[in-house]
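Q: Mind looking at a prediction? Sequence and model below.
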Amino acid sequence: IEATDFSERLGRQLVCLERVTCSDLGISGTVRVRNVAFEKQVAVRYTFSDWKSAHEVVARWRGPAGAEGTEDVFAFGFPVPPFLLALGSRVHFALRYRVAGAEYWDNNHGRDYSLTCRNHALHMPRGECEESWIHF
């Protein structure tokens, strides 16, 4: 959503990736769509095999994006299989929006969205956690 061309892309495509988050448990994110009609379906098509096989997850409606009611936000999430946690492994995905008998895509200008597993060292700040307690 911080991209300089986000509003322009949303106006042109009617669907645009708003945010994506990755963790060991999976990939989640939000999608913004233009509110063309009341009934609409947003889905994420993704692959771990460079599109030799693909999976799809339906996004859930979260609510309107603003007070005007011209845009809606949908949330999605899908699990990450253990083999995807290997360094260098990739997931590709694209967004599909079906509304009023038409279908619109956000596939990152034909390149698909792509996430690559990388190793990042975890650094704990000294002092903050040394005297922490975990309560069960």
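A: Okay, I see it.
Q: How are the strands of the chain distributed by residue range?
A: 15-22, 26-34, 40-47, 55-58, 60-64, 71-79, 90-99, 102-106, 113-116 (DSSP state E).
Q: ok now do the residue most central in space within the chain, which residues does it touch?
A: For the chain, residue 29 is the residue whose C-alpha lies nearest the centre (CA atoms, centre = their mean; 3.4 Å). Residues in contact with residue 29 (CB atoms under 8 Å, 6 or more residues apart in numbering) are 17-21, 44, 75-77. C-beta coordinates here come from the backbone N, C-alpha and C atoms, glycine included.
Q: now with 7 Å?
A: By CB atoms under 7 Å, 6 or more residues apart in numbering, the contact list for residue 29 reads 17, 19-21, 76.
Q: and which of the residues you listed is nearest residue 104?
A: residue 17 (12.8 Å; CB to CB).
Q: what about that closest one, neighbour count?
A: 23 (other CB atoms under 10 Å).
Q: and what of the one 3 residues further on?
A: By the other CB under 10 Å criterion, the neighbourhood of residue 20 contains 15 residues.
Q: Mean confidence (pLDDT) on stretch 11-29, please.
A: Averaged across stretch 11-29, pLDDT comes to 90.
Q: what's the spacing between that stretch and its chain's center?
A: 2 Å (CA atoms, centre = their mean, to the nearest Å).
Q: Same question for stretch 67-77.
A: 13 Å.
Q: Distance of residue 106 relative to residue 33?
A: 9 Å (CB to CB, to the nearest Å).
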